[in-house]
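> Need the 3D shape of this:
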Amino acid sequence: MSIIQMQQPDALTETILERAAKVAAVAATDAEAVDRAASFPKAAIEAARIHQLLGVQIPLEFGGEGGTSFDVTDMCYTLGRACASTAMIVAMHQTKVACLVRHGRGNGWHEALMRRLAAEQMLFASSTTEGQGGGNVRSSAAAVERNGTGFSLLRDATVISYGEQADGIISIARRAADAAASDQVLVALLKENYTLERTLEWETLGMRGTCSAGFKLKAAGSAEQVFPESYDKIHAQTMTPVAHLSWSSVWAGIAAAAVERAQMFIRKAARGAGGQLPPGAAHFTA
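Next up is the predicted model:
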């Protein structure tokens, strides 16, 4: 039994949304301080581990809950109402988990990783952008260099959000040194597989707690860690749709919380003015 399971033996007697609400309560407590200090929301992510939210998508056969995209979007919305940084971290992590679940079956190494993720509630970061390519994730400069049963990878990553705090990174790279920039693969990396050298800083206003920065990523591991399916399929079938659903759910949660705060402010102002609403306020108090 894992440490997480020992801490929260009855976690799965509650629904995913009920557990997400408990994590959101923890996240809300630190949200302002997290953004002001650009600090990683450690307490909230630890709560997500304890309540077993990080592995909800892992199939039952690998020790998870077989959670759906609906479960993920509900979770992201709930967290978005509490802390933008926590919610975005979870959204990015869940996108990587979706790629592992949908495209890792049949590969012994990836199936073992699914079991470990479910048991340990590991947190995964994403490395998709690099160098001058910026946000063009369908073009990679760095290539997987195969060496017998192993590989190496050296990547100038423009940004890896919470890269220093994650338990692993899932990265895009060219299939080989002689491959075209768009001939890409996905690689799952564990903490022991890589080193990070910080190169850039990014002022992520409102989401400073994502700890987004640029790094030189130097990695080496087993060739089994490379997903057998080409990245173009993973990108179209999973990465893009899940990322957009998760992110938009986070943003919807942030917006809903902002409206609630505005309503509370207006009501307080009205009470102080003998019930007189500020001009135009009636549109926001329904």
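> shaky segments in the chain?
Within the chain, the segments meeting pLDDT under 70 span 1-12, 132-134, 270, 276-286.
> Quick check: the gap between residue 216 and residue 158.
11 Å (CB to CB, to the nearest Å). Every residue, glycine included, has its C-beta placed from N, CA and C.
> Comparing these two, which residue is more hemmed in?
residue 158 (21 against 13; other CB atoms under 10 Å).
> isn't there a helix covering that one?
No. The assignment for residue 158, made by DSSP: H, G, I helix; E, B strand; the rest coil, is strand rather than a helix.
> Now for the closest residue to it other than its chain neighbours: which residues touch it?
Of all residues not flanking residue 158 in the chain, residue 129 sits nearest, at 4.3 Å (CB to CB, 6 or more residues apart in numbering). Listed by CB atoms under 8 Å, 6 or more residues apart in numbering, the contact partners of residue 129 are 135-137, 157-159.
> just the buried members of the residues you listed?
137, 157-159 (16 or more other CB atoms under 10 Å).
> Make sure residue 234 is actually in contact with residue 99.
Yes. In terms of CB atoms under 8 Å, residue 234 counts as a neighbour of residue 99; the distance is 5.6 Å.
> So if I had to pick from these two, which one is more boxed in?
residue 99 (26 against 20).
> Hmm, that one is touching residue 238, no?
Yes. The pair residue 99 and residue 238 passes the contact test of CB under 8 Å, sitting 5.2 Å apart.
> Give me the packing partners of the longest helix belonging to the chain, helices and strands only.
Ranked by number of residues, the top helix in the chain under DSSP state H is helix 240-272. Contact analysis of helix 240-272 by 3 or more CB pairs under 8 Å, 6 or more residues apart in numbering; DSSP states H and E lists helix 69-80, helix 84-103 as its packing neighbours.
> Give me the buried stretch members for the first one, please.
Along helix 69-80, the positions that meet the burial threshold by neighbour count (16+ other CB under 10 Å) are 71-80.
> Including distance to residue 64, could those go into JSON lines?
Formatted as JSON lines, the buried residues of helix 69-80 follow (distance: CB to CB, whole Å):
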{"residue": "71", "distance to residue 64": "11"}
{"residue": "72", "distance to residue 64": "12"}
{"residue": "73", "distance to residue 64": "17"}
{"residue": "74", "distance to residue 64": "17"}
{"residue": "75", "distance to residue 64": "14"}
{"residue": "76", "distance to residue 64": "18"}
{"residue": "77", "distance to residue 64": "21"}
{"residue": "78", "distance to residue 64": "19"}
{"residue": "79", "distance to residue 64": "19"}
{"residue": "80", "distance to residue 64": "23"}
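> What is the nearest of these to residue 178?
residue 72 (37.5 Å; CB to CB).
> Report whether the expected contact of the closest one with residue 247 is present.
No. Checked against CB under 8 Å, the pair residue 72 and residue 247 is beyond contact range at 11.1 Å.
> Pretty sure residue 197 sits in a strand.
Yes. Applying three-state DSSP, one finds residue 197 inside a strand.
> in which helix or strand would I find the residue nearest to it when sequence neighbours are not counted?
Leaving aside its sequence neighbours, residue 197 sits nearest to residue 216 (CB to CB, 6+ apart; 4.2 Å). For residue 216, the enclosing helix or strand under DSSP states H and E is strand 213-222.
> can you tell me which residues contact residue 196?
160, 163-164, 215-217.
> and residue 200, bridged to which residues?
residue 214 (DSSP bridges).
> measure it to residue 123 for me?
Applying CB to CB to residue 200 and residue 123 gives a distance of 22 Å.
> Who has more neighbours out of the two?
residue 123 (22 against 12).
> quick one: that one and residue 169 touch, right?
No. Applying CB under 8 Å as the test, residue 123 and residue 169 come out as separate, 10.2 Å apart.
> Can you give me the buried ones in the helix or strand hosting residue 26?
Assigned by DSSP H and E, residue 26 belongs to helix 16-37. By 16+ other CB under 10 Å, the buried positions in helix 16-37 come out as 16, 19-24, 26-28, 30-31, 34-35.
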